[in-house]
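S.K.: here you go, sequence then predicted model.
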Amino acid sequence: MLPSELLESMHGVVGYDEKAFIAAHDGVVPHTSIRLNQVKIAQYQIPSTNQSEDKNDRVGTAAFVQTHPALAEHKPVPWCPLGYYLHQRPSFTHDPLFHAGAYYVQEASSMFLWSALAQCITTTVDGLIVLDLCAAPGGKTTLLSSFFQKSLLVSNEVIKSRASILVENTIKWGSGHLVVTNNDPSHFAALTGFFDVIIIDAPCSGSGLFRKDANAVQEWSVEQVALCSKRQIRIVTDVWPALKEGGLLIYSTCSFSPVENEAVVDTILEALPSTTIQLNAQSGIVETLSPQLGGYGYRFYPHLVDGEGFYMAAVRKANSNQPTVMGGNKFMAIPSKQEAAICNAFIPMPADYFMFKQGQEINWFPLQWKEALETLVQHLYIKNAGITLGEVKGKDCIPHHQVAMYQGLDKSSIVCTHFSKDQALLYLKRQEMQVEGAHGWNLACYQGLALGWLKILPNRINNYYPTSWRILKD
Ligand code: SAM
């Protein structure tokens with residue numbers, strides 16, 4: 001049963017049709033959709049079954065889309081070029097490519113972020129600094145890292161346990177230009193004018209996901225909606241100084257309640273110097289105007305689109321001669337020449353990166369963003385920055401799982417062991433297995449994509465897949 005107060009609150013909102021809305025919630029199974037990781041999918045390979053087969057048909061995105069069982073009908077998501085609806089929900093846990101970061105399971109409506117960014121950022125998408133403020137578990141962050149391939153992405157989550165899930169998902173995705181932080185939105189205020197783009201996918205009452213989560217209906221209340229609205233306004237206000245003049249703020253929720261959506265936009269327009277941006281709302285997406293100040297917003301209703309409930313508004317910050325913060329102390333410990341040589345002999349550092357040390361761990365980070373990282377370190381709690389390569393022990397480099405998952409990993413100096421699906425699942429479960437291969441460090445791969453490390457010794461195999469990530473289900 002949908003809460004009557006929710007239905008009442010939507011009377012008069014553009015696009016709302018009570019009968020159709022209720023019917024769309026009545027036992028309708030929501031769509032399952034995935035978004036591809038275009039860099040990893042480009043490395044995808046299927047083993048040849050036929051000598052005369054053209055190799056080009058067996059590698060890359062087209063091969064993945066043609067051959068992955070879940071994509072048999074591969075209907076694209078209209079507002080995101082990397083998004084696909086699946087004809088049924090497969091067991092993602094038992095698909096090694098899911099663990100390899102080949103795709104992310106994401107609700108289709110929220111992929112509209114891609115279209116909004118493409119419409120709002122008409123100059124370059126490179127060389128920007130982007131903040132995803134409410135980021136766990138990482139759906140928007142992984143989309144952003146695909147969209148902004150040559151920009152710096154800061155992905156923040158305030159709740160500690162959820163920040164760890166965010167780190168896990170971003171490691172699987174494998175981008176090198178990402179910093180994960182664990183801070184309250186108010187901590188960003190000191191970074192005046194630092195970010196070109198800020199995404200606030202705000203915590204909300206969750207009515208947009210009622211079809212996916214039956215518990216959400218029980219937990220919904222008018223009081224909770226009011227509380228969420230206050231918190232949403234506080235989050236936007238707290239982070240606002242960190243947005244550059246002329247910068248873009250994208251605000252979104254998965255709630256249908258006007259007080260969490262259009263009313264928040266009214267408060268932004270009233271209190272903060274800004275304007276909203278009108279977007280092209282295709283394929284059943286409904287454009288709304290905030291009641292007081294006419295700010296543009298975009299609603300996704302399940303009776304009008306193939307997706308769940310969602311709201312998004314794009315806000316441009318006005319110019320007001322605010323100063324910007326940049327520069328910081330040189331904080332980073334640099335590995336010794338010997339350590340760097342040991343690391344580079346094992347896996348050469350990518351061009352345009354530099355090495356720094358955090359405790360015993362050696363990391364790679366894009367040189368272009370060194371100063372920005374120094375600034376971030378001064379103000380925020382950094383959970384992960386760039387790619388953790390590993391530790392030097394004696395004359396050896398002990399590789400970290402993150403470098404195995406890095407999208408840009410140069411595999412030419414690494415021994416790769418190619419697994420069948422059954423072997424890949426044994427590896428991901430950390431179960432006993434027989435592997436033929438060269439002694440020493442091996443990169444476990446499945447259909448061209450890395451799963452993690454294993455070390456083959458004369459009398460045993462050591463599985464380095466992170467214990468806490470292993471598959472527990474049979
Ligand atoms: N953007 C995420 C994604 O696409 O996967 C989903 C974000 S979820 C809608 C909202 C997030 O905000 C949650 O991870 C939640 O822990 C976090 N959050 C909760 N309270 C918050 C607060 N006061 N300030 C900032 N974030 C908060």
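M.R.: Arrived safely, thanks for sending.
S.K.: quick check: residues of the protein near the ligand?
M.R.: Listed as neighbours of the ligand in the chain under the rule C-beta under 6 Å from any ligand atom: 134-140, 157-159, 162, 185, 201, 203, 231, 235. All C-beta atoms are positioned from the backbone trio N, CA, C, and that covers glycine.
S.K.: nearest to residue 16, of those?
M.R.: residue 201 (22.4 Å; C-beta to C-beta).
S.K.: pull out the buried members of the residues of the chain next to the ligand.
M.R.: Among these, the ones that count as buried by 16 or more other C-beta atoms under 10 Å are 134-136, 138-140, 157-158, 162, 185, 201, 203, 235.
S.K.: next, format those residues as TSV and append secondary structure and pLDDT.
M.R.: As requested, those are exported to TSV (DSSP: H, G, I helix; E, B strand; the rest coil; pLDDT from 0 to 100):
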residue	secondary structure	pLDDT
134	coil	98
135	coil	98
136	coil	98
138	coil	98
139	helix	98
140	helix	98
157	coil	98
158	coil	98
162	helix	97
185	helix	98
201	strand	98
203	coil	98
235	helix	98
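S.K.: need those in TSV (columns: distance to residue 84).
M.R.: TSV is the format used below for those (distance: C-beta to C-beta, whole Å):
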residue	distance to residue 84
134	25
135	23
136	24
138	19
139	15
140	18
157	27
158	31
162	27
185	33
201	21
203	28
235	31
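S.K.: closest to residue 124 out of the residues you listed?
M.R.: Out of these, the member with the shortest distance to residue 124 (by C-beta to C-beta) is residue 140, at 20.6 Å.
S.K.: please, which helix or strand holds the residue lying closest to residue 99 once chain neighbours are set aside?
M.R.: In space, and not counting its chain neighbours, residue 99 is closest to residue 428: 5.5 Å by C-beta to C-beta, 6 or more residues apart in numbering. According to DSSP states H and E, residue 428 maps onto helix 421-429.
S.K.: contacting residues for the residue nearest to residue 99?
M.R.: Taking C-beta atoms under 8 Å, 6 or more residues apart in numbering as the criterion, residue 428 is in contact with 96, 99, 451, 465, 470, 471.
S.K.: so which of the residues you listed are in helices?
M.R.: 96, 99 (DSSP state H).
S.K.: let me know the closest of the contacts of residue 428 to the ligand.
M.R.: residue 99 (17.8 Å; C-beta to the nearest ligand atom).
S.K.: pick out the residue of the stretch 251-400 of the chain closest to the ligand.
M.R.: Residue of the stretch 251-400 of the chain nearest the ligand, by C-beta to the nearest ligand atom: residue 254 (6.3 Å).
S.K.: ok, now how distant is that residue from residue 218?
M.R.: Noted for residue 254: a distance of 17 Å to residue 218, by C-beta to C-beta, to the nearest Å.
S.K.: and the two? which has more neighbours close in?
M.R.: Set residue 254 next to residue 218 and count neighbours by other C-beta atoms under 10 Å: residue 254 wins out with 25 against 9.
S.K.: can you pull the contacts of the more buried one?
M.R.: 107, 109, 110, 204, 206, 207, 208, 209, 308, 309, 310, 311.
S.K.: I'd say residue 437 and residue 417 touch.
M.R.: Yes. Here residue 437 lies in contact with residue 417, judged by C-beta atoms under 8 Å, at a distance of 4.5 Å.
S.K.: quickly list what the nearest residue to residue 441 once chain neighbours are set aside is bridged to.
M.R.: Leaving aside its chain neighbours, residue 441 sits nearest to residue 455 (5.6 Å; criterion: C-beta to C-beta, 6+ apart). As for beta bridges, residue 455 partners with residue 441, residue 462 under DSSP bridges.
S.K.: I'd like to know how many residues surround residue 455.
M.R.: Residue 455 - counted by other C-beta under 10 Å - has 15 other residues nearby.
S.K.: for residue 415, see how far away it is.
M.R.: Counting by C-beta to C-beta, the gap from residue 455 to residue 415 is 11 Å.
S.K.: which neighbours do the two share?
M.R.: 440, 441, 442.
S.K.: spatially, which two of the residues of the chain next to the ligand are the most separated?
M.R.: 138 and 231 (21.0 Å).
S.K.: low-scoring pLDDT stretches of the chain, where are they?
M.R.: Along the chain, segments meeting pLDDT under 70 span 48-57, 321-331.
S.K.: longest strand anywhere in it?
M.R.: For the chain, the longest strand by residue count, based on DSSP state E, is strand 243-253.
S.K.: how about residues contacting the following helix or strand past that one?
M.R.: Using DSSP H and E, the next helix or strand after strand 243-253 towards the C-terminus is helix 262-271. The contact list for helix 262-271 (C-beta under 8 Å, 6+ apart) reads 13, 202, 229, 232-233, 236-237, 249, 251, 274-276, 288-293, 295, 297, 313, 315.
S.K.: next, the buried residues of helix 262-271.
M.R.: Residues of helix 262-271 classed as buried: 262, 263, 264, 265, 266, 267, 268, 269 (neighbour count, 16+ other C-beta under 10 Å).
S.K.: could you do stretch 423-441 as well?
M.R.: 423, 424, 425, 426, 427, 428, 429, 430, 433, 441.
S.K.: first-to-last residue distance for it?
M.R.: 17 Å (C-alpha to C-alpha, to the nearest Å).
S.K.: before we move on, the earlier item: how about the buried residues of helix 262-271 in a markdown table, adding distance to residue 80?
M.R.: Output for the buried residues of helix 262-271, formatted as a markdown table (distance: C-beta to C-beta, whole Å):
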| residue | distance to residue 80 |
| --- | --- |
| 262 | 24 |
| 263 | 28 |
| 264 | 24 |
| 265 | 23 |
| 266 | 28 |
| 267 | 29 |
| 268 | 25 |
| 269 | 27 |
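S.K.: mind checking the SS state of the closest residue to residue 286 other than its chain neighbours?
M.R.: Nearest residue to residue 286, sequence neighbours excluded (C-beta to C-beta, 6+ apart): residue 15, at 3.3 Å. What DSSP: H, G, I helix; E, B strand; the rest coil gives for residue 15 is coil.
S.K.: mind listing the strands for the stretch 301-450 of the chain?
M.R.: For the stretch 301-450 of the chain, the strands defined by DSSP state E, counting those that start in this stretch cover 310-317, 353-358, 361-366, 382-385, 387-393, 396-399, 416-418, 440-446, 449-456.
S.K.: looks to me like residue 196 is in a strand.
M.R.: Yes. Under three-state DSSP, residue 196 falls within a strand.
S.K.: check the gap between it and residue 468 for me.
M.R.: For residue 196 relative to residue 468 (C-beta to C-beta), the value is 35 Å.
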